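*Asks:* Next input, structure requested:
(one chain, ligands or ions: 1)
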Amino acid sequence: MQRAASEVEVNTDPDGRMELIATGEKPGHGAAVDFRRVTLRGISASPLVRACGAKGALLDATAGLGGDAFILAASGFAVTAIERSPLVAAVLRDGLARACAEPRTAAIAQRIELHERDAGAFIAASRQVWAAIYLDPMYPVKSASALASKSIRLVRCAVGDDLDSAVLFRAAAESTCGRIIVKRPHHSQTLWPDPDLVFESKLARYDVYLRQGKSLRAPAQKEET
Ligand SMILES: C[S@@+](CC[C@H](N)C(=O)[O-])C[C@H]1O[C@@H](n2cnc3c(N)ncnc32)[C@H](O)[C@@H]1O
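*Replies:* Numbering: from 1, shown residues only. Here you go, the predicted model:
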C-alpha cells in the first residue's frame with residue numbers, strides 16, 4: 001500500500017485493480033483505471049481530438065488517470081504521458097498494464113508510454129519534436145465544481161492544486177512542438193494570453209496555441225516581475 005501525505009492512498013480493489021482511495025474507505029469505492037469503459041465512438045470529431053490537430057507524437061504533460069491520453073492514442077496519436085504524482089502514476093500504470101493484456105484495448109494502450117516524473121524537467125531534457133503538447137493541470141479550486149467526479153476529487157486529494165502550471169506552459173513553449181493545447185474550465189481565464197484557436201466541449205474549453213515559427217508572448221504581469 002502507498003499512502004499520500006493527505007487522506008488518500010493506493011490500495012487493491014476486490015477485482016485486483018489498484019485504486020486511489022480515501023483513507024478508511026471500503027475497498028472498491030476508490031478510482032481505478034479501466035479503459036474498457038471508455039466510449040470510442042465519434043472521438044475523431046471530439047473537441048479534444050480536433051484541438052490537438054494533425055496526428056503525430058503527442059506529449060500529455062499532465063496524464064492524471066489517463067482518460068485523455070487513451071482517447072488521443074485511440075484517435076491515432078503516439079502518446080508520451082507524464083505524471084509526477086507517484087500515487088496517480090501507480091494507478092495509471094496498473095490500468096495500462098491491464099489494457100495491454102485485453103484484446104479490445106491492447107493496440108491503443110501500447111501507443112501510450114508512461115513516465116513518472118515532472119513534465120517540465122522531462123520537456124527540458126527531451127530532443128523530441130512534438131506534434132502537440134497537451135496540458136490539463138488541476139483546475140483552480142474556485143472553479144472546481146462541487147459535482148466534480150469522484151476520480152477528480154481523489155486525484156486532487158493526492159496532488160493538490162497545480163499552482164506551477166504557468167511554469168509548465170513556459171517549458172512547453174520553449175520546446176519544439178507544433179501546438180500547445182490547454183484544457184480549462186468554461187468561463188475561466190486563459191492560462192496564457194491570446195490562444196489562436198478555441199474549441200468548446202460540454203465540460204471544458206481547449207485553448208490552442210499554434211507554434212510554427214512563433215514565440216509566445218508572456219503574460220503582462222509576468223514581464224513586469
Ligand atoms: C486534471 S489531472 C489530469 C487529468 C487527465 N487529463 C485525465 O484525462 O485523466 C492533472 C494531473 O496532472 C499532473 N501534473 C500537473 N503538473 C504536472 C507536471 N508539471 N508534471 C507531471 N504531472 C503534472 C497532476 O499530478 C495531476 O495528476
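*Asks:* Closest residue of the protein to the ligand?
*Replies:* Scanning the chain for the residue nearest the ligand gives residue 64, at 2.7 Å (criterion: C-beta to the nearest ligand atom). Backbone N, C-alpha and C define where each C-beta goes, glycine included.
*Asks:* does the ligand sit close to the top strand by length along the chain?
*Replies:* The single longest strand within the chain, with elements called by DSSP state E, is strand 177-184. No - figure legend: strand 177-184 not in contact with the ligand (C-beta under 6 Å from any ligand atom); closest approach 6.9 Å.
*Asks:* residues in contact with that strand?
*Replies:* 48, 51-54, 56, 59, 68, 129-136, 139, 169, 172-173, 190-192, 195, 204-212, 216 (C-beta atoms under 8 Å, 6 or more residues apart in numbering).
*Asks:* Let's verify the residue of the chain closest to the ligand: helix, strand, or coil?
*Replies:* With DSSP: H, G, I helix; E, B strand; the rest coil as the basis, the three-state label of residue 64 is coil.
*Asks:* again with the one 5 residues further on
*Replies:* The three-state label given to residue 69 by three-state DSSP is helix.
*Asks:* Count the residues that sit near it.
*Replies:* A count of nearby residues for residue 69, using other C-beta atoms under 10 Å, gives 31.
*Asks:* Residue 160 contacts residue 87, doesn't it?
*Replies:* No - here residue 160 does not reach residue 87: they are 11.9 Å apart, not a contact under C-beta atoms under 8 Å.
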